[in-house]
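> Below are the sequence and a predicted model; questions follow.
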Amino acid sequence: MDAATILVVDDEQPIVDLVASYLTAEGFAIQRAFDGPSALTLARAIRPDLVILDVMLPGIDGIEVCRRLHQETSVYVLMLTARTDEVDKLIGLSVGADDYLTKPFSPRELVARVKAILRRSRMPQEKSAERPALQFGVLSIDPERREVQHGETMVELTPREFDLLYVMASYPGRVFTREELLQRIWGADFAGIDRVVDVHVGTLRRKLEECGPHEAPVVQTVRGVGYKFVGGIR
């Protein structure tokens, strides 16, 4: 398997150099950027497997960079933040970040997080041929292409949003707890907050509802328990 390409984006060169040195030692191919516009330009050119992205960047901040990346690609994003406020972390997760680390961080922990994200990201792709496409009225979910279509409209989902939808839609009506969804999609080694599930389900539900009228929400909240996928799509 080819070495994964990782784009490291931070306006502090010592941090970029430190992260790059640890990841290079693990066999990853590293590219660097030091501001938001350069990060977007380079990401579009090299199509990295993962972006390590600082929140506070000159030109365009990391939240907006993440949002724009996920409008164009399905790249995985690990965000770095000097802020400890949970709200800031949730904002990053809401635009498609897969994980985050708060500065100062251990380089070894960052390497472990990177490996965990890439390991999880490759597993669904390797098994996609074994998973059937799903059809609910005008909503189709194709795991091989990792595409969701509502009638003639393509629903643009982040990788985590797609995985959430596919897992729940594979068992219509079954209630999944947050812990079950974290285990299935983020993995047992995810060290973030469990509210990441709520954030991603919220954006997933909004994107589906924007596609057209439904008899009921496609993903329903079961208060105090978790979430379930329901049919009834017209």
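Cool, got the structure. Numbering: from 1, shown residues only.
> What ranges does the chain have for its helices?
When assigned using DSSP state H, the helices of the chain occupy the ranges 13-25, 36-46, 62-72, 86-94, 107-127, 159-169, 178-181, 195-209.
> What's the mean pLDDT across the longest one?
This points to helix 107-127. Per-residue pLDDT over helix 107-127 has a mean of 74.
> Where does the prediction get shaky in the protein?
Residues of the chain meeting the criterion pLDDT under 70: 1-2, 83-90, 92, 120-130, 188-194, 212-217, 231-234.
> hmm, back to that, quick one: closest of the helices of the chain to residue 150.
With distances scored as CB to CB, the stretch of those nearest to residue 150 is helix 195-209 (7.1 Å). Where you see a C-beta, it was placed from the backbone N, CA and C, and this is true even at glycine.
> Alpha carbons only: can I get that closest one in PDB?
C-alpha atoms of helix 195-209 as PDB (Å, rounded to 0.1, in the frame of the first residue of the first chain):
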ATOM      1  CA  ARG A 195     -21.300  14.900  21.500                       C
ATOM      2  CA  VAL A 196     -19.500  14.500  18.200                       C
ATOM      3  CA  VAL A 197     -22.300  12.000  17.300                       C
ATOM      4  CA  ASP A 198     -24.900  14.600  18.000                       C
ATOM      5  CA  VAL A 199     -23.100  17.200  15.900                       C
ATOM      6  CA  HIS A 200     -22.700  14.900  12.900                       C
ATOM      7  CA  VAL A 201     -26.300  13.600  13.100                       C
ATOM      8  CA  GLY A 202     -27.500  17.100  13.200                       C
ATOM      9  CA  THR A 203     -25.700  18.100  10.000                       C
ATOM     10  CA  LEU A 204     -26.600  14.800   8.300                       C
ATOM     11  CA  ARG A 205     -30.300  15.400   9.100                       C
ATOM     12  CA  ARG A 206     -30.200  19.000   7.900                       C
ATOM     13  CA  LYS A 207     -28.700  18.000   4.600                       C
ATOM     14  CA  LEU A 208     -31.200  15.300   4.000                       C
ATOM     15  CA  GLU A 209     -34.100  17.500   4.900                       C
END
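> Could you list the domains of the chain?
When the chain is parsed with the TED database, its domains come out as 5-122, 134-229.
> how about these in a markdown table, adding mean neighbour count?
Listed next are these as a markdown table, based on neighbours: other CB atoms under 10 Å:
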| stretch | mean neighbour count |
| --- | --- |
| domain 5-122 | 18 |
| domain 134-229 | 17 |
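> From residue 174, how far out is residue 76?
27 Å (CB to CB, to the nearest Å).
> Likewise for residue 139?
Distance, residue 139 to residue 174, using CB to CB: 17 Å.
> circling back to that earlier point, of the helices of the chain, which is nearest residue 134?
Closest approach to residue 134 among these is made by helix 159-169 (5.2 Å; CB to CB).
> can you list the residues that contact the closest one?
Contacts to helix 159-169, defined as CB atoms under 8 Å, 6 or more residues apart in numbering, come from residues 74, 76, 96, 98, 121, 124, 131, 134, 136, 141, 143, 146, 148, 157, 174, 176, 181, 184-186, 197, 200-201, 203-204, 207-208, 219, 227-229.
> returning to what we had before: could you dump the helices of the chain into CSV with distance to residue 52 added?
Converted to CSV, the helices of the chain look like this (distance: least, CB to CB, whole Å):
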stretch, distance to residue 52
helix 13-25, 6
helix 36-46, 10
helix 62-72, 10
helix 86-94, 13
helix 107-127, 7
helix 159-169, 16
helix 178-181, 24
helix 195-209, 18
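> OK, contacts around residue 114?
Counting by CB under 8 Å, 6+ apart, residue 114 has contacts 6, 23, 28, 50, 52, 78.
> Go through the residues you listed and name the one nearest residue 170.
Residue 170 lies nearest to residue 50 out of the contacts of residue 114, by CB to CB, at 26.1 Å.
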